[in-house]
Structures are given as structure tokens and as C-alpha cells.
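> got a structure for you, letters missing:
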């Protein structure tokens, strides 16, 4: 099984960020209620994010499983985006390699947050078979402006990925939302 990309928009990621090491039992209970009663792994993921004493420097990639239930709990209106089910590492590495000669270093950095992940409060992601990243609305707008007019055919077999990324960024920008990207 390979790691696959998925993405959704939310009104704000601030409540998710604030939930880290918050000891918020209500938020933890809401996340656990979203899982099967026997899903001890996901219960531990939620515990490692919400019920810890201090935020870790290396945020576990498995937190990607906690973000959507937290977003629902906080009423952040998570909406799945067009980017879905791409083999994460190969697709984004090849996409960035093609885009690199057509975009700025800042754009490559934003694409890197999708490929390699981006922690909420820590300094890096602990790639434990999963990862997550995020982009603010302003970053989504900057990325969209940089790639919107690129020729999708230049990406070869990844032309659909390019089109899905443009569609997803357009949705986020138009909804004045932020983007969460997960891979598991």
C-alpha cells in the first residue's frame, strides 16, 4: 500500500493549532467519538495531540487522522477538495521538479509544504508513514497565482494533478478558507 494525498479546506486552522497540548477533554472526546469504539490507534493519535503537556518539536504525521474530527468539532466546515488519491511522494516530487523551472523559489517552498509536510507548532513532521501540511488563504492565493496559467500538458502524466491543484486552490481562495493536506 502506498501513501496517498488528500486535502480539505477549513475556515481556519487556528482552533486546530490551539488544541495541541490543550488538555481539552471535550475536544478529545469529540475526536474519539468519530472513530470506531475499538480503534485504539486513533485514540492514541488524538491523545498524543490534545492531551499532552507540551507541544512536541516533531509533530507525528499520524495527527492527520485527528484534524478532520477536530475541524468538525470546532464547526470549521471541512470540505474535501479535488486533490485526492495521488501516490503522494512520487506525484509531488515529479510535479515540483516540472514546476521548478517555471515558478519562483517561494512557490517551490509552498509546494514543498504539500510534499514534505508542515507542522502546526513544531519545527518538523515525524514521518511515521503519514504526514500533513497546511497553507493559509494568502499562501493558497499566491500559489494559485503562480501556477494557474502553467500549461497542464507540461506536467505529462500529472496533468490531472495540476488541474486538481488549481481547482482546489481556487475553491480555498474563493471560500476565504485555509487548506489542510494529509497523506496516509
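Perfect, thanks for sending it. None of these values were measured; they are calculated from a predicted model.

> please name the nearest non-neighbouring residue to residue 28.
residue 50 (4.6 Å; Cβ to Cβ, 6 or more residues apart in numbering). To be clear about C-beta, it is placed using only N, CA and C from the backbone, and glycine gets the same treatment.

> swap that for residue 56, sorry
residue 122 (5.7 Å).

> okay, now the one you found: neighbour count?
Residue 122 sits with 15 neighbouring residues when counted by other Cβ atoms under 10 Å.

> that one belongs to a helix?
No. Counting by DSSP: H, G, I helix; E, B strand; the rest coil, one finds residue 122 to be coil, located in no helix.

> and it, what's its pLDDT?
Looking at residue 122, its pLDDT stands at 95.

> list phi and psi for it.
The phi/psi pair for residue 122 (degrees, to the nearest 10) reads phi -80, psi -160.

> okay but it is in contact with residue 60, surely?
No. Counting by Cβ atoms under 8 Å, residue 122 does not reach residue 60; the two are 9.5 Å apart.

> quick one: contacts for the residue nearest to residue 28?
19-24, 27-28, 31, 66 (Cβ atoms under 8 Å, 6 or more residues apart in numbering).

> equivalent analysis for residue 177, please.
9-12, 77, 79, 137, 171.
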